[in-house]
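K.L.:
got a predicted structure here, sequence first:
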Amino acid sequence: MDEGVIDQLTNVAQLPGLVGYALAMPDAHWGYGCPIGGVFATDPKQGGVISPGSVGFDINCGVRLLTTNLNEKEDKSQTTKLIDLLYSRVPSGVGQ
C-alpha cells in the first residue's frame with residue numbers, strides 16, 4: 001500500500017461525525033480525498049458528511065452519488081420498486 005493511502009486514511013479518520021473506524025481494504029490505492037478501497041461512516045447528526053470522493057470513481061466503477069427529496073418514512077413501502085427501477089435503467093456489470 002503506498003504512502004498516499006495512509007495519508008488519505010489519516011485524513012478520513014479526522015472527518016467530523018466519524019462513526020467507529022476508518023478502514024482500508026487490502027486492495028486500497030490512492031484516490032481523490034479518500035483512498036479507493038477506503039471504508040468509513042459518518043453521522044450527519046454529528047456533523048458527518050457524504051463524500052463522493054470515497055465511492056470509487058477513479059476507474060469509473062459505476063458508483064454514483066444521488067440526492068433526492070424522498071423521505072424514508074413516507075417512501076419505505078416504495079423501496080423495492082425504486083431499487084428495481086434503478087437496476088433496470090442504470091447499466092451495470094460486465095459488458096454493459
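P.N.:
Now that the structure is in, tell me what you want to look at.
K.L.:
what's the span of stretch 23-39, first residue to last?
P.N.:
For stretch 23-39, the first-to-last residue distance is 5 Å (Cα to Cα, to the nearest Å).
K.L.:
check the offset of it from the chain's centre.
P.N.:
Centroid displacement of stretch 23-39 relative to its chain, using Cα atoms, centre = their mean, to the nearest Å, is 11 Å.
K.L.:
and it, which residues are buried?
P.N.:
24, 28-31, 34-39 (16 or more other Cβ atoms under 10 Å). All C-beta atoms are positioned from the backbone trio N, CA, C, and that covers glycine.
K.L.:
what is the least confident helix or strand in the chain?
P.N.:
helix 72-75 (a mean of 73; mean pLDDT, DSSP states H and E).
K.L.:
hmm, who's touching it?
P.N.:
Leu82 (Cβ atoms under 8 Å, 6 or more residues apart in numbering).
K.L.:
picking up where we left off before, out of the buried residues of stretch 23-39, which is nearest to Asp2?
P.N.:
Taking Cβ to Cβ as the measure, Asp2 lies nearest Trp30 of the buried residues of stretch 23-39, at 5.9 Å.
K.L.:
does the closest one really touch Met1, like I thought?
P.N.:
No - Trp30 lies out of contact with Met1 (Cβ atoms under 8 Å); the separation is 9.2 Å.
K.L.:
residue ranges with poor pLDDT in this protein?
P.N.:
Along the chain, the model assigns pLDDT under 70 to residues 50-66, 92-96.
K.L.:
and the strands in it?
P.N.:
Listed from the start of the chain, the chain has strands (DSSP state E) covering 18-29, 36-42.
K.L.:
save these as CSV, and put in distance to Leu82 too.
P.N.:
Output for those, formatted as CSV (distance: least, Cβ to Cβ, whole Å):
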stretch, distance to Leu82
strand 18-29, 25
strand 36-42, 22
